[in-house]
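**Student:** can you look at this prediction? I've put the sequence above it.
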Amino acid sequence: MTIDEEMNLLESHLRRLKIEYEVFFNNPQKKPPSDLEWKVLALLRKFSDGSRMSFSQRFRYNEMAQRYAIYSDLWRKKSRIREEGYRRPQDALLSVQGVREEEHQPEHKVYGVGHAAHEEGAFVVQCADPRSEGDKVERLFAALSDAKKKTGESVSGSLDSFKSFVQKKTEEIRKQHGCQTVEYVVEVQDGKAKLRAKAAKAKG
């Protein structure tokens with residue numbers, strides 16, 4: 001099976017899992033769809049290093065990983081309410097409403113390429129020579145595009161123009177600060193996606 005075929009399988013499993021969880025929460029006799037969830041997790045883990053994927057495949061994978069993280073967080077909350085009963089009015093509401101992604105930020109580990117570099121919700125990457133570090137620049141572009149989508153901003157510009165921008169910016173900062181590497185940070189501030197660049201601190 002090719003990577004694209006496995007991505008299609010993951011997408012189809014994820015769609016089915018969402019439907020089966022909705023059935024589970026509406027029917028007290030039903031068991032949670034644990035087998036299907038295990039298959040989704042197995043595929044997410046399989047591709048979590050991103051090494052064999054193209055840029056577009058990694059971007060698609062990250063979107064699905066983020067979607068699963070949001071869904072599973074909500075399912076866990078709804079399961080807890082189901083087991084413990086409704087203690088607050090908002091619990092009863094949460095147990096019947098559908099998934100509204102903007103209201104539920106995942107609390108636990110998110111599978112996704114490059115997520116290991118996240119610090120307090122920010123995506124951090126260091127570049128010394130963007131021309132030879134295309135993979136890092138692609139991950140940075142994906143993180144910035146992802147952040148813009150979440151804040152409702154339009155994603156403008158191509159990957160090629162972004163690569164040129166990072167190359168120029170890296171050269172400027174290296175010259176200005178006399179540093180070897182430049183640190184790029186993607187974060188959301190005041191509801192807007194921001195890309196910051198600064199001289200990376202020398203190690204040791």
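**Tutor:** Perfect, I can see it now.

**Student:** I'd say residue 192 and residue 151 touch.
**Tutor:** Yes: between residue 192 and residue 151 a contact is recorded at 6.0 Å, counting by Cβ atoms under 8 Å. From N, CA and C alone the C-beta is placed, and that goes for glycine too.

**Student:** how about low-confidence regions in this structure?
**Tutor:** 28, 84-121, 156, 202-204 (pLDDT under 70).

**Student:** how about the helices in it?
**Tutor:** With DSSP state H, the ranges of helices along the chain come out as 3-26, 34-46, 55-84, 89-96, 134-150, 159-177.

**Student:** pick the most deeply packed of those.
**Tutor:** Stretch with highest mean neighbour count among these: helix 134-150 (a mean of 20; mean count of other Cβ atoms under 10 Å).

**Student:** check which helices and strands it sits against.
**Tutor:** helix 55-84, strand 122-127, helix 159-177, strand 182-189, strand 192-199 (3 or more Cβ pairs under 8 Å, 6 or more residues apart in numbering; DSSP states H and E).

**Student:** ok, residues contacting that helix?
**Tutor:** 50, 55, 58-59, 62-63, 66, 102, 113-114, 123, 125-127, 130, 154-155, 159, 162-163, 166, 184, 186-188, 193, 195 (Cβ atoms under 8 Å, 6 or more residues apart in numbering).
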